[in-house]
Each structure stands twice: as structure tokens, then as C-alpha cells.
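Peer 1: give me a model of this one.
(one chain, ligands or ions: 2)
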Amino acid sequence: MRSWNSHIQVSNLTVRYDGHAALSDVTIDIPDQKITAIIGPSGSGKTTLLKSFNRLLELDTNVVVTGEVRIDGENIYGPGVEVTHLRKKMGLLAQKPTVLPMSIYDNVAFGPRLNGRPGRERMDEIVRTHLVAVGLWNEVKDRLHKPADRLSVGQQQRLCLARGLAVEPEVILGDEPTSALDPRSSRTIEEKFTALKSRYTIILVTHILRQARRLADYVVFLYDGRIVEHGPAGQVFGTPREQLTREYIEGIFS
Ligand code: ADP
Ligand code: MG
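Peer 2: Residues are numbered from 1 along each chain as shown. Ligands and ions are numbered 1, 2, ... in the order given. Take a look at the predicted model:
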């Protein structure tokens, strides 16, 4: 029996690049309205697992995926699944911010404009709300129509989060989203994730163990493409079941 709901269920997921398995037989349920941290050494398959949730893997042509990922009960690798519909449910923050080559305002308005055209006042409201949510409003309110790439890297990453939130996703995916940021911007992103988790499912890939300890409710430890251990953060960090997990969280290898 589990004590939480899940709308992402992964069953027997195997991902091969050119025949080499980057993920082997991964089975896991991701809890809703919590922060799940995916941890593990470099090359263990963290990014591959994250990309499997919104079918970003198939941008590479050398990939073969077997098994299932169910979102809202639907196997996203089944026939007839609309990838654009699926991706609307997901906001993705990459390692480095990827602002669109347009103004700050237009970055946030981009998704809502694609999803139907809110009027000017409504759009202003949407842009403001999401910039407030990521703690950027006060910093940019006087230069909303300036190019987004003039912002600092930390501000750009918060803008990317605002852009993602503006399409009202169900799930926020972060692939080491603070690794390129200064400490203050990292802290802001961490705070926003914590503030947002009551409304979203957040899945955070991180190789920073202290960050996982600070943020995660649930932890998935990957090693060499396999799940070694997963469970509530207190259990995995406090009383790990596996020797390999213990050594990793003690920093014996990284
Ligand atoms: P992590 O994010 O934990 O560092 P990745 O998911 O990026 O791990 O990679 C897992 C394994 O798959 C690694 O051995 C990596 O070299 C390999 N891999 C990742 N992407 C590709 C790709 N596009 N083509 C071939 N091999 C890849
Ligand atoms: Mg990675």
C-alpha cells in the first residue's frame, strides 16, 4: 500500500542507445505534489529517465525504448499518443537556461498565446502572475519588453521556470537546473520548487546531495542504469537499505 497518489508510473522501462542500455528494467511510481529527486553518479541514466517522461528521448534517432510510462493512466509510448498534448503537461528546466530570442514579456506569453489568444489585459495578468511566482517581477517589471537574453543567467533560469508555469503544466521536470547558477539564484529556484510542490509533481535530477537532502520528499537512486533504491527521503538518507546507497550518500564515491 502506498500513502500517496501517483500519476506517473514507470514499468519495466529499458532505454538503449545504439544497443547499449542506459536504463534497464526501471519500475517506479512518482508521487504527486511532492519533490522527487533522482540522484546518482554521472552516466547513471538520470537525464535519460527524466527525458523518458515527456518523450524527449526520441529526438535522438539511435534510441530504442521498451516498457511503459503511464501518465494519467495512459501509456505515453502506446500507439496514437499525441506528443504535443503530452508535452503541454510538462514544464522542463534544463541545465542551462534556454530563453527564447524575444522579450521577457513574450517569453512568458509564448505558451499561452499558442493555447488560445488571451486578450491584452488577461495576458498582462498572466505574465505578471508567473513572474511574481518565480520571484522575478520586481527585478524586471520596468523592462518587460527588453530582450530576455540580457538578464543574468540566474534571472534567465527563473524566466524559463515562469515560461514553463505559464502553460499550466501538471509536472515540472528539472535536469540539474541550478548547476549553472550562482548561489543566490540557486537558492531562489530551490525555494520556488518548494513553494510550488503543493500544486505540481516535481521531478528534480541533481548530483548535489545536499540539494536533494534539502528539497526531496522522495528519492530515486540510480546506478549504472538501474534503480538501486527508492523511497521517502528520510528513509533513503537516514536508513538506506543498500550498501551502495550508503556509500554514495556518505560520499565514498561520486
Ligand atoms: P546522467 O544524466 O546520469 O549523467 P545520462 O542519462 O545522460 O546519465 O546517460 C546514461 C548513459 O547513456 C551514459 O552512458 C551516456 O553516455 C549514454 N548516453 C546518453 N545519451 C546518449 C546518446 N544520445 N547517445 C548515446 N549514448 C548516450
Ligand atoms: Mg544528466
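
Peer 1: middle-most residue in this protein, spatially?
Peer 2: Centroid-nearest residue in the chain, with C-alpha atoms, centre = their mean: Leu173, separated by 1.2 Å.

Peer 1: can you name the residues bridging to that residue?
Peer 2: Assessed by DSSP bridges, Leu173 has beta-bridge partners Leu92, Ile203.

Peer 1: that one reaches Leu49, doesn't it?
Peer 2: No: counting by C-beta atoms under 8 Å, Leu173 stays clear of Leu49, with 10.1 Å between them. To be clear about C-beta, it is placed using only N, CA and C from the backbone, and glycine gets the same treatment.

Peer 1: next, the buried residues of stretch 102-119.
Peer 2: In terms of neighbour count (16 or more other C-beta atoms under 10 Å), stretch 102-119 has its buried residues at 103-109, 111-112.

Peer 1: ligand 1 contacts on the protein?
Peer 2: Proximity of the chain to ligand 1, by C-beta under 6 Å from any ligand atom, involves residues 17-18, 22, 40, 42-48, 60, 62.

Peer 1: of the residues you listed, buried ones?
Peer 2: Listed as buried from those are 22, 40, 44-48; burial here means 16+ other C-beta under 10 Å.

Peer 1: neighbours of Glu247, how many?
Peer 2: 12 (other C-beta atoms under 10 Å).

Peer 1: would you mind measuring from the spatially closest residue to it that is not a sequence neighbour to ligand 1?
Peer 2: Distances taken as C-beta to C-beta, 6 or more residues apart in numbering place Phe253 nearest to Glu247, at 6.2 Å, with adjacent residues excluded. Going from Phe253 to ligand 1 by C-beta to the nearest ligand atom, to the nearest Å gives 14 Å.

Peer 1: need the three-state assignment for Phe253.
Peer 2: Put simply, Phe253 is coil when judged by DSSP: H, G, I helix; E, B strand; the rest coil.

Peer 1: pull the contacting residues for the residue nearest to the centre of the chain.
Peer 2: Applying C-beta atoms under 8 Å, 6 or more residues apart in numbering, we find Leu173 in contact with 50, 53-54, 90-93, 203.

Peer 1: equivalent analysis for Glu74, please.
Peer 2: Per C-beta under 8 Å, 6+ apart, neighbours of Glu74: Val81.

Peer 1: tell me which element Ser64 is part of?
Peer 2: Small correction: residue 64 is Val, not Ser. Using DSSP states H and E, Val64 maps to strand 63-71.

Peer 1: give me the contact list for that strand.
Peer 2: 7-17, 25-26, 52-53, 57-58, 75-78, 86, 89, 171.

Peer 1: in helices, which of these fall?
Peer 2: Residues of those located in helices (DSSP state H): 52, 86.

Peer 1: any of the contacts of strand 63-71 buried? List them.
Peer 2: 7-10, 13, 15-16, 26, 52-53, 57, 76-77, 86, 89, 171.

Peer 1: about what we covered before: tell me the two of the buried ones among the residues of the chain next to ligand 1 that are most distant?
Peer 2: Ala22 and Gly40 (11.8 Å; C-beta to C-beta).

Peer 1: please consider this matter closed, and thank you.
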